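1. What shape does this take:
(3 chains)
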Amino acid sequence: MTEPIIIKTVGLKKQYQDVTALDGLNLSVPSGSIYGLLGRNGAGKTTAMKTLMGLVRPTAGTAQVFGLAADQSATSILIRQRTGFVSDERDLYESMTVADLIAFTAAFYPRWRADMAARYVRSFDLPQSRAVKALSRGARTKLALLLALCRGAELLILDEATSGLDPVAAEEVLQALISHVANEGTTVFFSSHQIAEVEQIADHVAIIDRGRAVLEGALDDLREAYRRVELVFEGDAPATQFHSPGVVRVERRGRALSVFASSGAEQIIEEARSLGPVSAETHHVTLKEVFLELISREG
Amino acid sequence: MLFRPNPASGVPIYLQLIEQVKHAVETGALRPGEQLPGIRPLSEELVINPNTVAKAYRELEHEGIIELRQGAGAFVAAHAGALRQTEKLRGARTVVAAAVKQLRARGVTDQEIRRLYEAALAAIRGKDGSND
Amino acid sequence: MLWYKAWLDTRWRFLIGLALIICTALGNALTYPTVQGILEEASRNGSPNGPLASEINLAVQLSSSFRGYVWDQVVHHNMYYLWTLFAVLLAADGALSQRTGALFTLSLPVSRRRLCAVRAAADLLELGLLALLPLLAVTLTAPAVGHSYALADALIHAIHMLIGGTFFYCLTLLLAAVFEDRWRPILLALALAIFSGVSTEFMPALAAFSPVGVMTGESYFHTGAPAWTGLLIWPAVAASLFFCAVRRIEDRDY
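-> Here you go, the predicted model:
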């Protein structure tokens, strides 16, 4: 069963005067998925999201949302009618009150859900008559999220939705997202530094580094494919070259050999048997280990 | 709350859920015919992806552990306990086969293997005084 | 809603500008009798000489009538500079660069073209009021000092100021779209406005190259005939500057 692809970028490039923000980014976000974008600061996550929202024009390559071109003004408006966006700066109108901003935003979306907005105001505990500039960071983020969630959007693009939030507030945000996805079938495309939260809610991930995706796929597939093979030997570990294609990195330490593999762990074990190890074990790896391994390799 | 998957363990969450459901059936925490939490409420409660819960439930249905009734929800299958038992023994068989193979490879005779197993069981029985 | 937002963003500038221009206009108009007295005294002491003599004589001559006085002091001096100042201030953030919430606005399902158009329309409405209301105030209060200022004069001078002044508004908008900082567009536009205003006083021949003549309704004041060519050319120039500004805003990265 193949779901339609809701976001597709092919060879997306963005060159600023002296900075290459995107350098051939290829992403495919399936409809109905929760897609996590991981990467270091300045890796290109924000630029990618801004390109999809029509805030930034790509230098080369294509970006499509709902099959529509993101870099054409006319189609970009159609995309924005069906998409909710939260920028990493939580850029909102400082002098408007919470209630006014909600009413203002509602006017642009014929599918606005006033009942949902009222519910979120209550559950997020937002002070309706307070100006945006007087809101705490957590309240600001929740307000920005409310404005994105209540517009009847099919797609949510969230840039660092939980950054700067305390654990309780962050969990509230995740709960709201899950509830939304479960009940409305929305696709969520979000970026994060919190690998734990990506592991918790995402079913697809991409790791972006220096404007390119170094990894992309279903999270469960990655979990099943990536392994760490730990070998222990009688004497010093041999300095062998493993021929299996899935080997990412081999680390020798005294009598132990650690092989980080992106696939084919069994093959590696078979290959290792010929070296006569005392013990050979495979371990699951966390997304954090994959991330650190892939990112530091490029560096 | 019966289920507590660990997202950071590296094991896919849906596999953890499957295992936790099977374990619950085995220990009797879930009985045949009992209803499981719905996909949406469970995903909201655990704050995990609803697709993940759906995947786990589909797999459990495929294995015959649960039944998904249209409009009504997910229920533990009538023979779930028995199935789990069969699966348990099937798994156990594999473990024993592998151990036997390994021991034979070291040159241990069948007679000695049998004695090793019985000695091991006796030692455990002696330790906690229980019988299975 | 975009109109409402435009109002929220500009109301303080509008209200302050309105208060300022009305006060200075009324300040001029209502002190006319005093000024008249001073001028009469001065003329008894003989005509002035020296480099600025012709300018001073001209000013004195104009001020001999209330209409002339209002045109010279209120329209030509106070209003030209103050009105243009506020036109520039309003246009300076029309390019969405310095405003908070720019990313939010741009992520709404509205074209940048429409955002610019609504904001410009709202600004021009406000600028129209900034031109008209002070002159209306003069018309209404002139009887209090025993003079009168024709309603027709107020209306026609206001129209001239607005139409000619679209040049400075659109120029600032384009500068704001090109330069991404807040101050350069304002300073450059104001510098040009001041230079135009001052230079046409000393070298009237230059009036043809700046909108000052149109904005102050010079030909209407002297001859009763509006400056038709100017009223067509300067807004046309302004419109092309506006389109350039919108194109630039459409292509920009935010």
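
2. can we go C-alpha only for contacts and neighbour counts from here?
-> OK.

3. Could you report the neighbour count for the residue of the stretch 151-254 of chain C found nearest chain B?
-> Residue of the stretch 151-254 of chain C nearest chain B, by Cα to the nearest Cα: C:Y254 (32.8 Å). If you count neighbours by other Cα atoms under 10 Å in any protein chain shown, C:Y254 ends up with 16.

4. residues from chain A in reach of chain B?
-> A:33-34, A:174-175, A:178-179, A:181-183, A:196, A:199-203, A:219-220, A:223-224, A:284-287 (Cα under 8 Å from any Cα of the partner chain).

5. Whichever strand or helix holds A:K13: what's the following helix or strand?
-> Using DSSP states H and E, A:K13 sits in strand A:5-15. As assigned by DSSP H and E, the chain's next helix or strand after strand A:5-15 is strand A:20-30.

6. Relative to that following strand, what are the paired strands and their orientations?
-> Under the criterion DSSP bridges, strand A:20-30 sits next to strand A:5-15 (antiparallel) in its sheet.

7. What are the buried residues along the strand it pairs with?
-> By neighbour count on 16 or more other Cα atoms under 10 Å in any protein chain shown, the buried set for strand A:5-15 is A:I5, A:I6, A:I7, A:K8, A:T9, A:L12, A:K13, A:K14.

8. wait, doesn't the third one sit right on A:S33?
-> The one in question is A:I7. No: under the criterion of Cα atoms under 8 Å, A:I7 lies out of contact with A:S33, with a separation of 10.9 Å.

9. What's the separation between the residue lying closest to B:V53 once chain neighbours are set aside and B:G71?
-> Of all residues not flanking B:V53 in the chain, B:I39 sits nearest, at 5.9 Å (Cα to Cα, 6 or more residues apart in numbering or on different chains). To B:G71, B:I39 is 12 Å away according to Cα to Cα, to the nearest Å.

10. Looking only at neighbour counts, state which of these two leads.
-> More neighbours surround B:I39 than the other of B:I39 and B:G71, with 21 against 6 (other Cα under 10 Å).

11. Please give me every residue in contact with the more buried one.
-> Contact analysis of B:I39 by Cα atoms under 8 Å, 6 or more residues apart in numbering or on different chains lists B:P50, B:V53, B:A54.

12. Under a three-state scheme, what state does the last one occupy?
-> Secondary structure assignment for B:A54 (DSSP: H, G, I helix; E, B strand; the rest coil): helix.

13. Grab the nearest non-local neighbour of it.
-> That would be B:I39: by Cα to Cα, 6+ apart, it lies 6.1 Å from B:A54.

14. For the residue sitting furthest away from the middle of chain B, give its distance to A:P277.
-> In chain B, counting by Cα atoms, centre = their mean, B:G107 sits farthest out from the average C-alpha position, at 33.3 Å. Using Cα to Cα, one gets 19 Å for the distance from B:G107 to A:P277.

15. Please apply the same query to C:M1.
-> For C:M1, the distance to A:P277 - Cα to Cα - is 72 Å.

16. who's more crowded, the two?
-> Higher neighbour count among C:M1 and A:P277: A:P277, with 20 against 12, using other Cα under 10 Å.

17. mind checking pLDDT for the closest residue to that one other than its chain neighbours?
-> Nearest residue to A:P277 in three dimensions, chain neighbours excluded: A:F233, at 4.6 Å (Cα to Cα, 6+ apart). A:F233 is assigned a pLDDT of 87 by the prediction.

18. wouldn't C:W3 be in contact with C:R119 here?
-> Yes: using Cα under 8 Å, C:W3 and C:R119 qualify as a contacting pair, with a distance of 7.1 Å.

19. between the two, who's got more neighbours?
-> C:R119 (24 against 14).

20. what about the more buried one, which helix or strand?
-> Using DSSP H and E, C:R119 maps to helix C:112-141.

21. Check A:L78 too.
-> Using DSSP H and E, A:L78 sits in helix A:73-81.

22. what do you get for A:S296?
-> helix A:287-298.

23. mind listing what's buried in that helix?
-> Using 16+ other Cα under 10 Å as the burial criterion, the residues of helix A:287-298 that qualify are A:L287, A:K288, A:V290, A:F291, A:L294, A:I295.

24. Can you give me the neighbour number for A:Q72?
-> Other residues lying near A:Q72 total 11 when counted by other Cα under 10 Å.

25. And the one 5 residues further on, by the same measure?
-> Residue neighbour count, defined by other Cα under 10 Å, stands at 21 for A:I77.

26. Could you pull up the residues touching the residue in the stretch 51-200 of chain C positioned nearest to chain A?
-> Going by Cα to the nearest Cα, chain A is nearest to C:G101 of the stretch 51-200 of chain C, at 4.3 Å. Taking Cα under 8 Å, 6+ apart as the contact definition, C:G101 lies against A:D91, A:L92, A:Y93, A:E94.

27. tell me the SS of the third one?
-> Read that as A:Y93. Assigned by three-state DSSP, the conformation of A:Y93 is coil.

28. Tell me, how many residues neighbour it?
-> Residues lying near A:Y93 (other Cα under 10 Å) number 22.

29. what's the answer for the second one, then?
-> Here the number of neighbours of A:L92 (other Cα under 10 Å) works out to 23.

30. And the pLDDT at the closest residue to it other than its chain neighbours?
-> Excluding the flanking residues, the one nearest A:L92 by Cα to Cα, 6+ apart is C:G101, at 4.3 Å. What the model reports as pLDDT for C:G101 is 88.

31. give the contact list for residue 168.
-> Here I'm looking at chain A. Neighbours of A:V168 in contact, by Cα under 8 Å, 6+ apart: none.

32. Actually, chain C is the one I wanted.
-> Residues counted as contacts of C:F168 (Cα under 8 Å, 6+ apart) are C:T84, C:A87, C:V88, C:A189, C:A193, C:A238.

33. again, but for A:M53
-> A:M53 touches A:A70, A:S76, A:I79, A:R80, A:F85, C:S107, counting by Cα under 8 Å, 6+ apart.

34. Isn't the third one up against A:F66?
-> The one in question is A:I79. Yes: applying Cα under 8 Å, one finds A:I79 in contact with A:F66, separated by 7.1 Å.

35. Neighbour count: the two, which is higher?
-> The neighbour comparison of A:I79 against A:F66 (other Cα under 10 Å) goes to A:I79, with 27 against 19.

36. pLDDT wise, what is that one at?
-> Predicted confidence (pLDDT) for A:I79: 97.

37. wait, what's in contact with it?
-> The contact partners of A:I79, by Cα under 8 Å, 6+ apart, come to A:M53, A:V65, A:F66, A:L68, A:A70, C:P109.

38. Tell me the one among these nearest to A:A118.
-> Using Cα to Cα, C:P109 comes nearest to A:A118 of the contacts of A:I79, at 22.6 Å.

39. sec struct for that closest one, please.
-> Judged by three-state DSSP, the three-state class of C:P109 is coil.

40. where's it relative to A:S76, distance?
-> Distance, C:P109 to A:S76, by Cα to Cα: 8 Å.

41. okay, the two: which has more neighbours?
-> Neighbours were counted for C:P109 and for A:S76 using other Cα under 10 Å; A:S76 has more, 24 against 19.
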